[in-house]
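Visitor: this is a predicted model, with the sequence first.
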Amino acid sequence: MGNSFKKSFLIFLLLFSVLFLDAQEDLIPMPQQITWRSEKLDISKGLMLIAGGSIAHNELEIAERIFKNQGVDVFNDKKDLPKFRLAIVSHIEGIESPEGYQLSINTDGISVLGTTAKGIFYGLQTLSQFTVFDKKISFVEIKDEPAFSFRGFLLDVGRNYQPVKMIKEQIDIMANYKLNVLHFHFTEDIAWRLESKKYPGLTDAKIMTRWPGKFYTVQEFQELIDYCTERHILFLPEIDMPGHSQAFERYFGVNMQNKQGIKYVKELLKEFSETFPKLKHFHIGGDEVKISNRQFMPEITQYVESLGYKTYGWHPGSNLERSTIRQMWMGGPEAIDSISGLQCVDSKHLYLNHMDPLETVTTLFFRRFAEQSVESNQLSGAILCSWPDRAVSKPEDMFLQNAIYPGMITFAERIWKGSGESGWKANLPSEQSTSLQQFKEFENRLLIHKIKYFTNLPFPYVKQTDLQWELIGPFDNKGDLSKVFSIERDPFAEDLKVYKTQIGGTVILRHWWADVIPGVIDTPHENTTFYARTKIWSNREETRSFWIGFHNISRSYSSDSPPAGSWDELQSQVFVNLEKVEPPLWKQAGQQGELEIPLLDEGYSYREPTRIQLRKGWNEILIKLPVSGFKGKDWKNPVKWMFTFIPYQ
């Protein structure tokens, strides 16, 4: 498809959404209360902006830009035009959160009310998603506020450096979707990536084991802090202590936990507080480390708090103080112990690097944070995490290997709206369920946003709710993964019994975390082969692109690359109209996993789609899914029994 044709097609889809979906139904996150009316406000001659003195310059600029970008002039002195009013008020009926707002479009014009500047800002973010068509905008009444006040996104730039411009891009998208905490993880075993005036050698290239010499100057760091502040985003820096600190040890020649190490740590913390005095929240890390000095964390915590910070730390992890907010990262879906009285934020099963891209949207859409529908005294919210543990060839690869933007938007919807469903889900629910209909409605909005706002950005997600599979099995392969069964000769034979139907582009038969995330197979057994079949219609004989994948490699493990001549190590296969679809010619076939060896084409979202010849009419698709054991050859190569097969638009 040529670029000009593709662009025209995308514009057509956008206009279709404007005309037939009433355009405004694509809001993300969808407001808590929203009432549409059939009338539209004519703004063809422009708008008159009326704003009180308490409205910040930043919000005024946003208000003007919303309409100027759509060809509508905004004036300050033309009284005969429809009014565009921004006002901070003392109270809005039905709104309790300081981040809440009221947005009205009616015969009087457009009104955005909030009890704080944050409320005005979020009301404008919602308004910015409205489409002005033929210089008219739909009447609406919105009252909206978040279910959780702490809505975060973690960036790990310690392992893989990201340019400032790329970070700002993510901050902009966070702001657009009402996320309000940037958790900035900039120290690691690999590198310490913030300039220190006191110890400039800490960021020397020879101290770093990856992206040598890449770090953030004090000026760049302050620039990011200011950029967040302008967008009402809390900048939450993390210096991980005492673990993940080998870069510190390489430079100072001491462990953080001994007397001299503590001295250096305190000097760096004091320098940080004096360099960035406006920051009041600080993450002290504390995970994945052997504590040799039980007094280290209490002493450091007390010191950090003496500098004026509220502290955060990983849980489980080291011996945190009760005053420290716990960031939960390990264990299954369970409610917080209400008796403990500890304050928490949730990051369990919120690691994008462990998720298949299509699975990402499914999982996050249904997520219920710490089994709570709304904020409580002990749970203020959650942080979605982007952990690119494995080296990447270039920073952009992180966005293709992980569904960062689709995941961020889905997370933003869920944490703003609240609710979700109990337990963790990797697969879509059944066709008859209300849950699936809710997901379909969200997926439509997500894909409209992909067209409207992410045309030139990596967005590894395609519509998957139109694809329904029939699972056939189980067949006993007796440990022979290559064993052939009669279904391969006649996939739609009448005597084949359907085990279950499943909707989706990615189907997970058994998750590698099967104890907490159920797969499609209710009681999976080793030495088993299942088949998945479906039919795809084509209006003509054609060659079409498909995303095809099997064992999705986590970007945190040093997993092996697929062997030459195979889709995966389970000998999974794909047949289209009885013809075998050959696997890619892997760039590093059979490569033993190593965190410093970047993934190149091992996943469907970061390699060229597979081109398959289709015939006119119905095309029969058969996926073969053998498995022997579920343990895997080592912890770096867990068995995730799954497949992805979906047309790639």
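Guide: Cool, got the structure. Residues are numbered from 1 along each chain as shown.
Visitor: from now on I want contacts and neighbour counts done on CA atoms only, so please keep to that.
Guide: Fine.
Visitor: tell me the secondary structure at the spatially most distant residue from the centre of the chain.
Guide: Relative to the centre of the chain, and counting by Cα atoms, centre = their mean, the farthest-placed residue is Asp80 at 45.0 Å. Classification of Asp80 using DSSP: H, G, I helix; E, B strand; the rest coil returns coil.
Visitor: ok, it - contacts?
Guide: If you count contacts by Cα atoms under 8 Å, 6 or more residues apart in numbering, Asp80 has none.
Visitor: can you check the pLDDT for it?
Guide: For Asp80, the model assigns a pLDDT of 90.
Visitor: start the count at 18 instead of 1 going forward.
Guide: In the new count, where the first residue is 18, that last one comes out as Asp97.
Visitor: show me where the stretch 68-217 of the chain has strands.
Guide: Under the criterion DSSP state E, counting those that start in this stretch, strands of the stretch 68-217 of the chain are mapped to 91-92, 100-105, 118-123, 126-131, 153-161, 167-173, 198-202.
Visitor: dump those strands to a markdown table, plus mean neighbour count and distance to Leu296.
Guide: Output for these, formatted as a markdown table (neighbours: other Cα atoms under 10 Å; distance: least, Cα to Cα, whole Å):
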| stretch | mean neighbour count | distance to Leu296 |
| --- | --- | --- |
| strand 91-92 | 19 | 36 |
| strand 100-105 | 22 | 26 |
| strand 118-123 | 23 | 26 |
| strand 126-131 | 22 | 25 |
| strand 153-161 | 19 | 28 |
| strand 167-173 | 23 | 16 |
| strand 198-202 | 22 | 12 |
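Visitor: so for Val515, which of the ones you listed sits nearest?
Guide: Among those, strand 167-173 comes nearest to Val515, with 41.5 Å by Cα to Cα.
Visitor: which strands or helices does that closest one pack on?
Guide: Contact here means 3 or more Cα pairs under 8 Å, 6 or more residues apart in numbering; DSSP states H and E; on that basis strand 167-173 packs against strand 198-202, strand 396-403, helix 421-434.
Visitor: go again using 10 Å as the cut-off
Guide: In terms of contacts (3 or more Cα pairs under 10 Å, 6 or more residues apart in numbering; DSSP states H and E), strand 167-173 is packed against helix 181-193, strand 198-202, strand 251-255, strand 361-363, strand 396-403, helix 421-434.
Visitor: of all these, which lies closest to Thr52?
Guide: helix 421-434 (16.3 Å).
Visitor: Ser290 looks like it's in a helix, true?
Guide: Yes. Assigned with three-state DSSP, Ser290 falls within a helix.
Visitor: not counting sequence-adjacent ones, nearest residue to it?
Guide: Leaving aside its chain neighbours, Ser290 sits nearest to Leu324 (6.9 Å; criterion: Cα to Cα, 6 or more residues apart in numbering).
Visitor: that neighbour and Gly649: what is the separation?
Guide: Separation of Leu324 from Gly649 (Cα to Cα, to the nearest Å): 47 Å.
Visitor: more neighbours: those two, which one.
Guide: Under the criterion of other Cα atoms under 10 Å, the comparison of Leu324 against Gly649 puts Leu324 first, with 16 against 13.
Visitor: show me the contacts for that one.
Guide: Neighbour list for Leu324: 286-287, 289-291, 294, 297, 318 [criterion: Cα atoms under 10 Å, 6 or more residues apart in numbering].
Visitor: quick one, which of those residues are buried?
Guide: The neighbour-count test (16 or more other Cα atoms under 10 Å) applied to these identifies 286, 289-290, 297, 318 as buried.
Visitor: buried ones in stretch 547-562?
Guide: So stretch 547-562, judged by 16+ other Cα under 10 Å, has buried residues 547-553.
Visitor: cool, and stretch 450-458?
Guide: Buried residues in stretch 450-458, counted by 16+ other Cα under 10 Å: 452-453, 456-457.
Visitor: just these: which are in strands?
Guide: Using DSSP state E, no member of the buried residues of stretch 450-458 sits in strands.
Visitor: turn those residues into a markdown table, including pLDDT and distance to Pro259.
Guide: Output for those, formatted as a markdown table (pLDDT from 0 to 100; distance: Cα to Cα, whole Å):
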| residue | pLDDT | distance to Pro259 |
| --- | --- | --- |
| Ser452 | 95 | 43 |
| Leu453 | 96 | 44 |
| Phe456 | 97 | 42 |
| Lys457 | 97 | 45 |
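Visitor: fine by me, we can end here.
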